[in-house]
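Undergrad: quick one, what's the 3D model for this:
(one chain, ligands or ions: 1)
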Amino acid sequence: MSIKNEYLNSLMDRVVARNPAEPEFHQAVREVLASLVPVVEARPEFIKEGVMDCLVEPERIIKFRVPWEDEQGNVHVNRGFRVQFNSAIGPYKGGLRFHPSVYEGIIKFLGFEQIFKNSLTGLPIGGGKGGSDFDPKGKTDLEVMRFCQSFMTELFKYIGPDTDVPAGDIGVGGREIGYLFGQYKRLRNEFTGVLTGKGLTYGGSLARTEATGYGLCYFTDCMLKGAGKSFEGAVAAISGSGNVAIYACEKAVQLGAKVVTMSDSGGYIYDKNGIDLPLIKRLKEVERKRISAYVDIHPEAEYHPGCAGVWQVPCGIALPCATQNELDLNSAKALIANGCFAVAEGANMPCTPDAVDAFQAAGVLFAPAKAANAGGVATSALEMSQNSMRFYWTFEEVDDHLRRIMTDLYRNASSAAEQYGSPGDLAAGANIAGFLKVGESMLAYGIV
Ligand code: NDP
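TA: So this is what the prediction gives:
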């Protein structure tokens with residue numbers, strides 16, 4: 001797919017040539033550049049002053065060895081990454097992902113997306129992302145602790161509360177953040193808000209755990225209401241059963257939907273009576289079991305191996321909350337044929353570009369990840385504020401901020417879409433609104 005602007009098209013060619021074998025990064029950059037065509041046509045200085053060229057090049061990439069020893073005394077060596085992509089509007093901010101699929105291209109794609117997402121929150125945070133190809137699944141707590149300590153022993157040199165503030169992502173939850181924060185505090189001999197997603201006893205924010213999933217539903221609620229629809233009485237299909245999926249399910253049910261599916265990388269469950277969320281929380285958050293164990297307790301529900309099948313289940317609202325490119329064109333066609341009227345991305349880039357095109361062509365409401373899942377990082381920024389103030393807000397106060405941020409974000413993305421000639425296209429609107437604040441700041445700094 002070519003970009004309808006000569007300069008941006010040649011820039012895209014350079015991105016592909018300079019970052020070979022990184023298809024996820026190419027996909028993310030292409031999608032953003034394509035929607036910035038009307039912006040650079042109205043404001044040619046973004047090209048002339050080098051802003052577009054700088055935008056696609058990370059400010060810094062840190063790559064390091066992470067050696068650790070398992071309980072049997074075997075030594076393992078993983079790779080650690082931190083991509084400090086853009087600090088035009090604030091310290092780098094973005095999660096750490098621990099998953100065997102992690103390589104530099106995945107972290108670059110996530111760091112790039114994070115620039116626009118963070119800008120959209122309206123809060124002063126730049127874009128970054130990190131992680132490792134370490135797989136916490138099947139490891140003991142001691143092994144996870146050893147890995148996290150080794151990872152932080154290298155990473156601590158490059159981060160700080162005013163420089164770069166990591167958080168969780170796939171494979172990095174409360175347990176991992178605790179080990180990482182403990183090691184940072186020990187190495188630096190200081191107690192600062194250098195990580196977010198911390199435990200409530202040591203600087204975490206109430207509602208951070210819930211924030212991405214809740215924020216997804218607040219955003220989706222605005223989008224649905226804008227089209228005269230609502231969660232009330234709708235059937236929803238959710239993929240994933242991690243942090244985002246669990247709290248998306250909780251809020252969707254509170255807003256009146258019936259959620260009938262959840263999944264993990266092994267397969268999905270379909271419970272026509274509505275998912276038993278307390279059971280999912282116990283299986284996933286406490287016992288760390290596979291989702292297939294759900295049908296041992298609810299034999300009337302169905303378990304199907306293979307996660308892509310989740311999109312064959314009829315639903316009105318689809319919330320992909322597992323991982324990138326998990327919903328392809330075939331899945332999109334099945335959702336459309338089954339009457340799905342809204343798709344909102346909880347995971348980062350879960351829908352392939354042709355799936356997004358199919359939704360938009362069929363008039364399905366579509367909420368892009370950059371906007372729809374920004375509630376997590378927004379609440380992380382609220383955690384940073386509370387840490388700086390050495391003060392805590394109540395759950396209700398944080399949740400009120402979150403709801404307001406997601407509502408403003410929806411309004412900004414829709415009005416940018418309208419202003420730049422694609423009314424109703426929230427994907428384009430989110431890219432444009434997210435870019436403008438970053439681009440203006442980069443112009444102000446000159447060539448740096
Ligand atoms: P978790 O690790 O808590 O959960 C991830 C879920 O997705 C698990 O159910 C996991 O199954 C499943 N999954 C992971 N990889 C794959 C795969 N390759 N194929 C199928 N299923 C897979 O992560 P989160 O819930 O935190 O993150 C989910 C998504 O949301 C990611 O894209 C993340 O970048 C994004 N996100 C997260 C935010 C947050 O605040 N946590 C904020 C914004 C975005 P299994 O257990 O079997 O691996």
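Undergrad: which residues does the closest residue to the ligand within the chain contact?
TA: The chain approaches the ligand most closely through residue 242 (1.8 Å), counting by CB to the nearest ligand atom. For glycine as for every other residue, the C-beta is placed from the backbone atoms N, C-alpha and C. Residue 242 sits next to 170, 173, 284, 321, 322 when contact means CB atoms under 8 Å, 6 or more residues apart in numbering.
Undergrad: of the residues you listed, keep whichever come out buried.
TA: Buried members of the contacts of residue 242, scored by 16 or more other CB atoms under 10 Å, are 170, 173, 284, 321, 322.
Undergrad: out of those, who's near the ligand?
TA: 170, 173, 321, 322 (CB under 6 Å from any ligand atom).
Undergrad: so who does the first one touch?
TA: Looking back up the chat, that one is residue 170. 97, 98, 99, 242, 323.
Undergrad: ok, those residues vs residue 388, which is closest?
TA: residue 97 (26.0 Å; CB to CB).
Undergrad: count of residues packed around the nearest residue to the closest one once chain neighbours are set aside?
TA: Spatially, and ignoring its direct neighbours in sequence, residue 97 is nearest to residue 131 (3.6 Å; CB to CB, 6 or more residues apart in numbering). Neighbours of residue 131 under the rule other CB atoms under 10 Å: 28.
Undergrad: quick one on the thing from earlier: and the ones next to the ligand among the buried ones among the contacts of residue 242, which is closest to residue 120?
TA: residue 321 (18.9 Å).
Undergrad: tell me which other helices or strands the longest strand along the chain touches.
TA: The single longest strand within the chain, with elements called by DSSP state E, is strand 75-86. Counting contacts by 3 or more CB pairs under 8 Å, 6 or more residues apart in numbering; DSSP states H and E, strand 75-86 is packed against strand 60-69, strand 92-98, helix 104-120, strand 126-132, helix 141-155, strand 164-167.
Undergrad: return the subset of the buried ones among the contacts of residue 242 lying in strands.
TA: Among the buried ones among the contacts of residue 242, no member falls in strands (DSSP E).
Undergrad: now do the longest strand of the chain and helix 104-120, the angle between them.
TA: Angle, strand 75-86 to helix 104-120, by axes from the mean of the first three to the mean of the last three CA atoms, to 10 degrees: 40 degrees.
Undergrad: tell me the buried residues in strand 75-86?
TA: Buried, per 16+ other CB under 10 Å, within strand 75-86: 78, 80, 81, 82, 83, 84, 85, 86.
Undergrad: return the member of the ones next to the ligand among the buried ones among the contacts of residue 242 nearest to residue 443.
TA: Nearest to residue 443 among those, with distances taken as CB to CB, is residue 170, at 34.7 Å.
Undergrad: so how far is residue 215 from the closest one?
TA: 18 Å (CB to CB, to the nearest Å).
Undergrad: for the residue nearest the centre of the chain, which non-adjacent residue is closest in space?
TA: The centroid of the chain falls nearest to residue 348 when counting by CA atoms, centre = their mean (4.3 Å). Spatial nearest neighbour of residue 348, chain neighbours left out: residue 369 (5.1 Å); criterion: CB to CB, 6+ apart.
Undergrad: residues contacting the one you found?
TA: Here residue 369 is in contact with 113, 117, 345, 346, 347, 348, 349, 350 (criterion: CB under 8 Å, 6+ apart).
Undergrad: and the stretch 101-250 of the chain, which residues reach the ligand?
TA: 168, 169, 170, 171, 173, 212, 240, 241, 242, 243, 244, 245.
Undergrad: can you tell me the element residue 414 falls in?
TA: Residue 414 is part of helix 395-419 when elements are defined by DSSP states H and E.
Undergrad: what's that helix packed up against?
TA: helix 104-120, helix 208-226, helix 369-372, helix 375-389, helix 426-445.
Undergrad: now, which of the contacts of residue 369 sits nearest residue 40?
TA: residue 113 (19.5 Å).
Undergrad: next up, the contacts around that closest one.
TA: Counting by CB under 8 Å, 6+ apart, residue 113 has contacts 28, 127, 348, 349, 369, 370.
Undergrad: and the furthest pair within the residues you listed?
TA: 127 and 349 (14.5 Å).
Undergrad: these two: which is more packed in?
TA: Taking residue 127 and residue 349 together and counting by other CB under 10 Å, residue 127 has the greater number of neighbours (30 against 24).
Undergrad: that one touches residue 90, doesn't it?
TA: No. Contact criterion CB atoms under 8 Å: residue 127 and residue 90 do not qualify, at 9.2 Å.
Undergrad: overlap in contacts of the two?
TA: With CB under 8 Å, 6+ apart, residue 127 and residue 90 have common neighbours residue 118.
Undergrad: between the two ends of stretch 297-307, how far is it?
TA: In stretch 297-307, first residue to last residue: 20 Å (CA to CA, to the nearest Å).
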